[in-house]
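for reference, the sequence and a predicted model appear below.
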Amino acid sequence: MKLQEIQDQFQSIVLNETCRDANWVNQSAQRLSSKDRLAIYHNAYRVRLIDVLRDTFGHTVTYLGDDWFNQLAADYVQSHHSCYNNIGFYGDVFPEFLAQQLPDDLEVSELAALDWTLRRAFDGADSPVMTLEDLQGIASAESQDGTLKTVPTLSVTTHHFNTLDIWHAIDQDVAPPEVAPLPQQINVLVWRKGHSPHFRSISSIESAAIGYVSSGMNLNDLGAKLSAQFPDTDMSVEFGQMLLRWINDEVLAI
């Protein structure tokens, strides 16, 4: 057999749900048969990927418990083969998979999504952050067509349940509260400040502003858009306060 044929067949054996034998594997004088030796790789592939999921989705593991999480993770590994050179990216659609598997427990998917975005923020690219002096330079410029830029680790997730309370309880090693739907959905900002991932809930105004900043909208248009969208708010004061908080939180890049 050609090397490529052996590699293709070996991959097929590893990825197949059940391990099978192969006549191109030499019989050994040792006790293990060729199928049993192939089974070592078949099993190791799954164990390694389940370990990756357990590491990435630590709070979700605690919330579900080992047995339930491991079963869901095993089903995910079988239906979602690894295709990444960086194994840390494996599990990118695990939250969506959990939503499909547990449609009556969607807080689990939200918890997994928070785990994922926090890990991605931790691993994300570095960027110099904007200082108050940088902001003053933009504000004092003659042109008002300047734009702001968020740090590359920033993302926004949406929660429909008290997932933040559940996450905090697990993080503090206390019993999580009973799951409850929120009166209205909230958006959660996730980013890295220094070397540590951070997150906090944000208002609808801040969520809209972050969206406009991320789209590259200039400051003139951004202010007009927010004022039209929230006519009962003094946007000059509100946006000024947001800018200062973004500077302090290190969510803006230069």
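Looks like it came in fine. It should be emphasised that the depicted structure is a prediction, and the values quoted were computed from it without experimental measurement. Residues are numbered from 1 along each chain as shown.

I figured T153 was touching W191, is that so?
Yes - with contacts counted by Cβ atoms under 8 Å, T153 reaches W191, the gap being 5.0 Å. Using the backbone N, CA and C atoms, a C-beta is placed for each residue, glycine as well.

SS state for E17?
Three-state assignment for E17 (DSSP: H, G, I helix; E, B strand; the rest coil): coil.

which parts of the stretch 101-250 of the chain are helices?
Shown for the stretch 101-250 of the chain, the helices assigned by DSSP state H, counting those that start in this stretch span residues 106-123, 132-140, 163-171, 204-214, 219-229, 235-249.

now do the first one: distance to the chain's middle.
Taking Cα atoms, centre = their mean, to the nearest Å, one finds the center of helix 106-123 at 4 Å from the center of the full chain.

ditto for the third one
In terms of Cα atoms, centre = their mean, the gap separating the centre of helix 163-171 from the centre of its chain is 16 Å.

cool, stretch 208-223 as well?
With Cα atoms, centre = their mean as the basis, stretch 208-223 stands 24 Å off its chain's centre.

now do stretch 100-120
Relative to its chain's centre, stretch 100-120 lies at 9 Å (Cα atoms, centre = their mean).

make residue 1 into 45 and carry on from there
Got it, first residue is 45 now, which makes that one stretch 144-164.

can I get that stretch in CSV? Just the C-alpha atoms.
Provided in CSV are the C-alpha atoms of stretch 144-164 (Å, rounded to 0.1, in the frame of the first residue of the first chain):
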residue,chain,number,x,y,z
GLN,A,144,-29.6,21.5,20.0
GLN,A,145,-29.1,18.7,22.5
LEU,A,146,-30.7,20.5,25.5
PRO,A,147,-33.5,22.7,24.1
ASP,A,148,-35.2,22.8,27.5
ASP,A,149,-32.1,23.9,29.3
LEU,A,150,-30.7,26.8,27.1
GLU,A,151,-28.9,28.3,30.0
VAL,A,152,-26.3,25.5,29.5
SER,A,153,-25.6,26.8,26.0
GLU,A,154,-25.3,30.4,27.3
LEU,A,155,-22.9,29.3,30.0
ALA,A,156,-20.8,27.4,27.5
ALA,A,157,-20.8,30.4,25.2
LEU,A,158,-19.5,32.6,28.1
ASP,A,159,-16.8,30.0,28.8
TRP,A,160,-15.8,30.0,25.2
THR,A,161,-15.6,33.8,24.7
LEU,A,162,-13.7,34.2,27.9
ARG,A,163,-11.1,31.6,26.7
ARG,A,164,-10.9,33.3,23.3
